[in-house]
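Peer 1: Predicted coordinates and the sequence they were generated for:
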Amino acid sequence: MNAKAEHYDVIRKPIVTEKSTMASEHGAVVFEVAIDAAKPQIKEAVEALFGVKVKAVNTTITKGKVKRFRGRLGRRKDVKKAYVTLEEGNTIDTATGL
């Protein structure tokens, strides 16, 4: 049970956007992950949670935008995304949820 909780700490949520949908056509799934998560951790978590074989993990960090909240300057959090490429024949349906 403890290992399962750790996996959910690494993988926050699936990202469903136009770009991620295009990536899914090539066997990749996009997740928002913890900012300090390493590629081996992400691979292990995806394989454990979804029961699939992972081919590769690519990550990007999107810097948070500066926005105004009630007239004051605020800053959104930085977000780390993981593009997880799956082995042939493996799929994850992000539409049904975790």
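Peer 2: Ah, there it is.
Peer 1: And the strands in this structure, which stretches?
Peer 2: Using DSSP state E, the strands of the chain run over residues 11-14, 28-33, 54-62, 66-69, 72-75, 79-86.
Peer 1: Single out the most deeply packed of these.
Peer 2: Greatest average neighbour count among the strands of the chain goes to strand 28-33 (a mean of 22), per mean count of other C-beta atoms under 10 Å. All C-beta atoms are positioned from the backbone trio N, CA, C, and that covers glycine.
Peer 1: Mind checking the pLDDT average for stretch 25-43?
Peer 2: In this model, stretch 25-43 has an average pLDDT of 92.
Peer 1: Skipping its backbone neighbours, what lies nearest residue 78 in space?
Peer 2: Distances taken as C-beta to C-beta, 6 or more residues apart in numbering place residue 64 nearest to residue 78, at 5.0 Å, with adjacent residues excluded.
Peer 1: Can you name the residues that contact the residue nearest the centre of the chain?
Peer 2: Centre of the chain computed as the mean C-alpha position; nearest residue by C-alpha atoms, centre = their mean is residue 31, 1.6 Å away. Neighbouring residues of residue 31 by C-beta atoms under 8 Å, 6 or more residues apart in numbering: 11-15, 42, 46, 81-82, 84.
Peer 1: let's go with 6 Å and repeat that
Peer 2: Going by C-beta atoms under 6 Å, 6 or more residues apart in numbering, residue 31 touches 11, 14, 82.
Peer 1: So in terms of bridging, what pairs with it?
Peer 2: residue 14, residue 82 (DSSP bridges).
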